[in-house]
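Peer 1: Provide a 3D model corresponding to the input given below.
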Amino acid sequence: MASIPELLAKIPDEYKPLAALGIGALVLVFLALFHGVGLHWILLQQRRGERRLRSGKPHLLAASFLFAWSVFLMLDLHLLEILIWSFVLTHMGLIVHAYDAIYFCANGYTTLGMGKMDVEEHWRIISPIIGISGLFTFAWTTSALVDVVASNRRLLEQLEDEREREMHMRFALRKNEWEALKSEGAAAQFERDKIRMETAGASVFQRLRIWKEEKKGVEALRRAATAIEALRQKERQDEEKLTSTPTADSPDKKQP
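Peer 2: Numbering: from 1, shown residues only. Predicted structure coming up:
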């Protein structure tokens, strides 16, 4: 069975430009579909990552890494499309070496046009088709990148607001704890001073009565400490609810 280069060599020279145009158009349409699927997957991963960040703690660094990862995937998508073009040219027999094909396709795909490599005279029409495919995909990526930048900016603003609210809640919690501990220490000191004054010159029965009252005071202080711990738990629960509940203007609510 004849190979692809042998079949293409049998085409008359006057029909080779038309064959190049047809092959290039098929590859261009395939790459457009491939690019659309790839961009859809990248944007889907971006939205899923944003949902995870909104439902957890406000990590600003993780949001920056998510944006960088999306841009990196878009770059990889274009590099893969250049490799597809080079694969087609090498299997058509238009360029012998793979590294020459990659260099030629990269220059054509980016419309740089500074490479010294070229295909056979009758197949040159495929070079501008490679450039057209690059124009299509780069424009598509640019529009998607604008959406990613806007979405990442909204995400950073929301995470910054949540981080600020979390800091205020922690400050209020520490303030309440400090005031409770301060009042507890003052009450304990007052009880000790009171007991010291009452036990001075008191009889045995009076001292027993004072010690019972002291025991009751200690139990009251323990109940106050339990109330402080309950206050801490309530503040922690409020903080978890704040970090786990998306805001009302979250763009994810508009997603299906």
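Peer 1: Three-state assignment for residue 94, please.
Peer 2: Of the three states, residue 94 takes coil under DSSP: H, G, I helix; E, B strand; the rest coil.
Peer 1: The residue nearest to it when sequence neighbours are not counted: how many residues sit nearby?
Peer 2: Spatially, and ignoring its direct neighbours in sequence, residue 94 is nearest to residue 119 (4.5 Å; Cβ to Cβ, 6 or more residues apart in numbering). C-beta coordinates here come from the backbone N, C-alpha and C atoms, glycine included. Neighbour count for residue 119, taken as other Cβ atoms under 10 Å: 19.
Peer 1: For the closest residue to residue 100 other than its chain neighbours, give me its contacts.
Peer 2: Distances taken as Cβ to Cβ, 6+ apart put residue 117 closest to residue 100, at 5.4 Å, once the chain neighbours are dropped. Residues near residue 117 by Cβ atoms under 8 Å, 6 or more residues apart in numbering: 95, 100, 103, 104, 107.
Peer 1: want to throw those into a markdown table with neighbour count?
Peer 2: A markdown table is the format used below for the contacts of residue 117 (neighbours: other Cβ atoms under 10 Å):
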| residue | neighbour count |
| --- | --- |
| 95 | 22 |
| 100 | 16 |
| 103 | 17 |
| 104 | 23 |
| 107 | 20 |
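Peer 1: Can you lay out these as CSV showing pLDDT, secondary structure and distance to residue 165?
Peer 2: CSV is the format used below for the contacts of residue 117 (pLDDT from 0 to 100; DSSP: H, G, I helix; E, B strand; the rest coil; distance: Cβ to Cβ, whole Å):
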residue, pLDDT, secondary structure, distance to residue 165
95, 90, coil, 60
100, 91, helix, 58
103, 92, helix, 54
104, 92, helix, 56
107, 92, helix, 52
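Peer 1: Name the nearest of those residues relative to residue 29.
Peer 2: Closest approach between these and residue 29, by Cβ to Cβ: residue 104, at 20.9 Å.
Peer 1: Would you mind confirming that the closest one makes contact with residue 90?
Peer 2: No - counting by Cβ atoms under 8 Å, residue 104 sits too far from residue 90 to count as a contact (10.1 Å).
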